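J.: Got a sequence here, can you build the structure:
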Amino acid sequence: MPEAQDAPRPDMMATLRRAMSEYGLLAALVLIVAFFQITTDGVLLQPLNITNLLLQNSYVVIMALGMLMVIVCGHIDLSVGSVVGVIGALAGWLIVTHAVDPVTATIVCLVAGAVVGAMQGYWVAYWRMPSFIVTLAGMLVFRGITIAISDGASVGPFPESFTAISSGFLPDPFAASGVHLLSLLIGAVLAAAFVTVETRARARSASRGASVPSVPVFALRVGAISALMLAFCYMLASYRGIPTVVAIMAVLVAAYTFVMNRTVLGRRIYAVGGNLKAARLSGVNTARITFITFVNMGVLAAVAGLIFAARLNSATPRAGTGFELDVIAAVFIGGASASGGAGKVLGVVIGAFIMGVLNNGMSIMGLGVDYQQMIKGLVLLAAVFIDIYQKNRTA
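T.: Presented below is the predicted three-dimensional model:
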């Protein structure tokens, strides 16, 4: 009787590589948070500091969503920081100087952001000018317009109805003392939704015969991420709850995740960035797709400009200076390819918070700006190196 053959063993190294590919970035964020939590004697994860961290990085995350689409499409936008400045100055000019109501002023500013994106997208998409040059010119032009609108001085303060965009918190209908129950409820709903989505995805993969992790490994992974969600919402609930701007950011993240993963537009953006000629031969209007990504970037930069002006309670001529570097770094650290065609919304969000935690943690430690800039530059270089290294391995 022939000996029974050994059952095939799963490739543990392949499983490990797949896990690192999917969750390596999140693990890196957790390790960075743990490092600064220790080195700052527990200050980093204080509820007040977490709230400030979210407020300080909300506009970076929002702009990174638009920058992801631009970079996936194979381009780049260096003007986003200057657009933040010019939109803030426009909001100050309308609301403070000319007493326009905040709702009307907000609509005007969003339209202005779309126009700015359309102007730059037109030259890139239909005249095939390098986006680097077009947006570099835009960075200089819009910074000059910002100074002209504000006359070189800060404009403010804004009315409370406008600043609530950045400084407000979701109300708690339960009115409990000591803890914000609505934030805890939102955390529980998010954790339950995450478990449901992951369980269904695993079941679909198993039904197609694809490799899936064992039940213990799956339960450990899902349980750990759910616990992080609940712990995060509990820390916010122990202060003042979820800030309004974080709710706005979460809605945008969910919407852009759906667009990039589930819509024809998202698939075409990946196609244009992955292989422009193949996309064009497949019938994709590549110029229109490129144009749309720049218009979208302009609108999101306008949203960020409004949030930043509301946070400062004034429009300053230097608003947005250097923001483009943090936004681009967040996208590349989040796993987007420097050559286009690859990148995920969740990765970009994690990349933005990696940059935010680095900034916040180093500031708490008292490191000088010189060291902060060097460390952020090295982190960005490492992220791009990893992307190039992985591409060379699979080539």
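J.: Tell me how far the helix or strand harbouring residue 54 lies from the chain's centre.
T.: Taking DSSP states H and E as the criterion, the element that holds residue 54 is helix 47-72. Computed by C-alpha atoms, centre = their mean, to the nearest Å, the separation of helix 47-72 from the middle of its chain amounts to 5 Å.
J.: need the next SSE after it, C-terminal direction.
T.: With DSSP H and E, the next secondary element past helix 47-72 is helix 80-92.
J.: If you compare the directions of the helix or strand following that following helix and helix 80-92, what angle comes out?
T.: Toward the C-terminus, helix 80-92 is succeeded by helix 102-126 as the next helix or strand (DSSP H and E). Going by axes from the mean of the first three to the mean of the last three C-alpha atoms, to 10 degrees, helix 102-126 is angled at 150 degrees with respect to helix 80-92.
J.: tell me what helix 102-126 is packed against?
T.: Helix 102-126 sits against helix 80-92, helix 131-150, helix 160-167, helix 286-312, with contacts defined as 3 or more C-beta pairs under 8 Å, 6 or more residues apart in numbering; DSSP states H and E. To be clear about C-beta, it is placed using only N, CA and C from the backbone, and glycine gets the same treatment.
J.: which stretches of the stretch 101-250 of the chain have low pLDDT?
T.: Applying pLDDT under 70 to the stretch 101-250 of the chain flags residues 175-177.
J.: let's go with 90 and repeat that
T.: 150-152, 156, 164-168, 170-184, 187, 190, 193-194, 197-198, 201-229, 231-241 (pLDDT under 90).
J.: Residue 372 contacts residue 364, doesn't it?
T.: No: applying C-beta atoms under 8 Å as the test, residue 372 and residue 364 come out as separate, 11.5 Å apart.
J.: rewinding a little: let's have the helices and strands packed on helix 102-126 in CSV, adding distance to residue 63.
T.: Listed next are the helices and strands packed on helix 102-126 as CSV, based on distance: least, C-beta to C-beta, whole Å:
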stretch, distance to residue 63
helix 80-92, 5
helix 131-150, 13
helix 160-167, 15
helix 286-312, 5
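J.: Check those helices for me and report the most buried one.
T.: Comparing those by mean neighbour count (mean count of other C-beta atoms under 10 Å), helix 80-92 ranks first with a mean of 29.
J.: Can you name every helix or strand that that one contacts?
T.: Looks like helix 80-92 contacts helix 47-72, helix 102-126, helix 131-150, helix 286-312, helix 323-333 (3+ C-beta pairs under 8 Å, 6+ apart).
J.: Distance to residue 207 added to those helices, as CSV?
T.: Output for those, formatted as CSV (distance: least, C-beta to C-beta, whole Å):
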stretch, distance to residue 207
helix 47-72, 30
helix 102-126, 42
helix 131-150, 43
helix 286-312, 34
helix 323-333, 34
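J.: Please identify which of those helices is closest to residue 206.
T.: Nearest of the helices and strands packed on helix 80-92 to residue 206, taken as C-beta to C-beta: helix 47-72 at 30.0 Å.
J.: how much does that closest one deviate in direction from helix 131-150?
T.: Going by the same axes, to 10 degrees, helix 47-72 makes 130 degrees with helix 131-150.
J.: which parts of helix 47-72 are buried?
T.: Residues of helix 47-72 classed as buried: 49-51, 53-55, 57-72 (neighbour count, 16 or more other C-beta atoms under 10 Å).
J.: mind listing what residue 198 touches?
T.: Counting by C-beta atoms under 8 Å, 6 or more residues apart in numbering, residue 198 touches 218, 222.
J.: Can you classify it by secondary structure?
T.: What DSSP: H, G, I helix; E, B strand; the rest coil gives for residue 198 is helix.
J.: ok, it to residue 309 distance?
T.: 39 Å (C-beta to C-beta, to the nearest Å).
J.: Now residue 367. Nearest residue, chain neighbours left out?
T.: What sits nearest to residue 367 in space, not counting adjacent residues and going by C-beta to C-beta, 6 or more residues apart in numbering, is residue 375, at 8.0 Å.
J.: does that neighbour really touch residue 357, like I thought?
T.: No: at 11.8 Å, residue 375 does not count as touching residue 357 under the criterion of C-beta under 8 Å.
J.: And those two? Which one has more around it.
T.: In this view residue 375 and residue 357 are compared by other C-beta atoms under 10 Å, and residue 357 has more residues nearby, 19 against 14.
J.: State the phi and psi torsions of residue 169.
T.: phi -130, psi 150 (degrees, to the nearest 10).
J.: Run through the residues that contact it.
T.: By C-beta under 8 Å, 6+ apart, the neighbours of residue 169 are 180, 240-244.
J.: and the angle for the helix holding residue 54 with helix 286-312?
T.: 160 degrees.
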